[in-house]
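Engineer: Starting from these lines, generate the structure:
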Amino acid sequence: MGVALKQYVTVRYDAGNAAADAAIKRFGVRAFPTLLMLSPRGEELDEVGTGSPEEFTENLALVRSGKETLPTLRAKHAENPKDTKVAIKLAELLSNRHPKQSLEITKRTLPMLDPADKDTYAHALFLLGYAEAVQWQPERALKQYERILDEFPDTKAGRQVAIFALEPIAQVSPERGLAFIAKALPLTKQEYRSNHRHMRGQLYLQAAEAAWLKRGKEALADGDAEWLNMVAYDCYLRNWHTKEAVQWARKAVELSEGAPHILDTLAHLLARDGALQEAIEVQA
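Structural biologist: Residues are numbered from 1 along each chain as shown. The predicted model follows:
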């Protein structure tokens, strides 16, 4: 079912008009620029990468030859769903713009794969994780990536997850993200390590902020004015949990019967929270 294209017409859409919006929805475009090859009947053949001129020419020639295009692979997969090589290739082509279809195909194919074929099996797990990440399922995505690092770290997928996991990492608990980066960083190419170190720094801050919120709740339950004031003021210094810190400072003022240094903490926090008039009254 290959489609050999000898001539082609270029159609360009700029975002922000009805025609572009319709094309984006139809073809699942997620980023710009996206270069798609379509058949004369408007069938989606493949996406052509925007790499080097040589890579672009090679990709274009492959699509024009009709080999491994979406219609070709869909037909082969429909004819023989148990052909795992075709199924994985189809899922790969679908993963970026049609993640739901990719996920369904990969889920059906994974039980047919042999885990002893580490590269293929790990690649299938990667496709699962990627499709789940694109569909805003960070917990599920990271679970697939974690399994790859644990069971197949010496595969191509083991090196890929270190790059592609940054988005789901940012949406799970800091502790889980830090544990993942500790495993992934040694597998990451040198040119990508700065991104992981930057993410690690953000996760450390998130973990510290979460810990400070826990301290505030503990101090509130304990009912110690000085402890509450300390936590509230430290949140002021770090610009963390301002609204919660205001409540902690109010309670600390109540418990201390209006100690001046605690009133000062409350005034600072009120000013930051936008209650400037009340902050002036507290300071007065």
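Engineer: Now name the helix or strand holding the spatially most central residue of the chain.
Structural biologist: Among the residues of the chain, the one closest to the centroid is residue 167, at 2.1 Å (Cα atoms, centre = their mean). Secondary structure from DSSP states H and E places residue 167 in helix 166-169.
Engineer: Quick check: which helices or strands does that helix pack against?
Structural biologist: Secondary-structure packing of helix 166-169 (3 or more Cβ pairs under 8 Å, 6 or more residues apart in numbering; DSSP states H and E): helix 118-134, helix 138-151, helix 174-184, helix 193-222. Placement of C-beta: from N, CA and C, glycine included.
Engineer: Strands along the stretch 1-150 of the chain, start to end?
Structural biologist: Assigned by DSSP state E, counting those that start in this stretch, the stretch 1-150 of the chain shows strands spanning 35-38, 44-48.
Engineer: Give the rounded mean pLDDT of the shortest one.
Structural biologist: It refers to strand 35-38. If you average the pLDDT over strand 35-38, you get 66.
Engineer: Excluding covalently adjacent residues, which one is nearest to residue 128?
Structural biologist: residue 144 (4.8 Å; Cβ to Cβ, 6 or more residues apart in numbering).
Engineer: give me every residue that touches the one you found.
Structural biologist: When contacts are counted by Cβ atoms under 8 Å, 6 or more residues apart in numbering, residue 144 touches 125, 126, 128, 129, 132.
Engineer: Spatially nearest residue to residue 169, not counting backbone neighbours?
Structural biologist: Here the nearest residue to residue 169 in space, its sequence neighbours aside, is residue 177; by Cβ to Cβ, 6+ apart that works out to 4.1 Å.
Engineer: Quick check, the one you found in contact with residue 204.
Structural biologist: No - Residue 177 is not in contact with residue 204 according to Cβ atoms under 8 Å; the separation is 9.9 Å.
Engineer: Among those two, which residue is more densely surrounded?
Structural biologist: When residue 177 is set against residue 204 and neighbours are counted by other Cβ atoms under 10 Å, the residue ahead is residue 177, at 25 against 13.
Engineer: could you measure the more buried one against residue 201, distance?
Structural biologist: According to Cβ to Cβ, to the nearest Å, residue 177 and residue 201 sit 11 Å apart.
Engineer: just residue 216 next, same as before
Structural biologist: Applying Cβ to Cβ to residue 216 and residue 201 gives a distance of 23 Å.
Engineer: So which of those two has more stuff around it?
Structural biologist: Neighbours around residue 216 and residue 201, counted as other Cβ under 10 Å, are more numerous at residue 216. The numbers are 23 against 10.
Engineer: Touching, the more buried one and residue 233? I think so.
Structural biologist: No - Residue 216 sits out of contact with residue 233 when judged by Cβ under 8 Å, with a separation of 11.1 Å.
Engineer: residues contacting the residue nearest to residue 169?
Structural biologist: Here residue 177 is in contact with 169, 170, 199, 203 (Cβ under 8 Å, 6+ apart).
Engineer: Number of residues surrounding residue 85?
Structural biologist: Considering only other Cβ under 10 Å, residue 85 is surrounded by 10 other residues.
Engineer: wait, residue 22
Structural biologist: Neighbours of residue 22 using other Cβ under 10 Å come to 11.
Engineer: Report the contact partners of it.
Structural biologist: Taking Cβ under 8 Å, 6+ apart as the test, residue 22 contacts no residue whatsoever.
Engineer: Just the CA trace of stretch 232-247, in CSV.
Structural biologist: In CSV, the C-alpha atoms belonging to stretch 232-247 read as follows (Å, rounded to 0.1, in the frame of the first residue of the first chain):
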residue,chain,number,x,y,z
ALA,A,232,6.0,32.0,59.6
TYR,A,233,9.0,34.4,59.4
ASP,A,234,11.1,31.9,57.6
CYS,A,235,8.3,31.5,55.1
TYR,A,236,8.3,35.2,54.7
LEU,A,237,12.0,35.3,54.0
ARG,A,238,11.7,32.5,51.4
ASN,A,239,8.3,33.8,49.9
TRP,A,240,6.7,30.4,50.6
HIS,A,241,3.2,29.6,51.7
THR,A,242,2.3,33.2,52.4
LYS,A,243,-1.4,32.7,53.1
GLU,A,244,-0.7,29.7,55.5
ALA,A,245,2.1,31.7,57.2
VAL,A,246,-0.4,34.6,57.8
GLN,A,247,-2.6,32.2,59.7
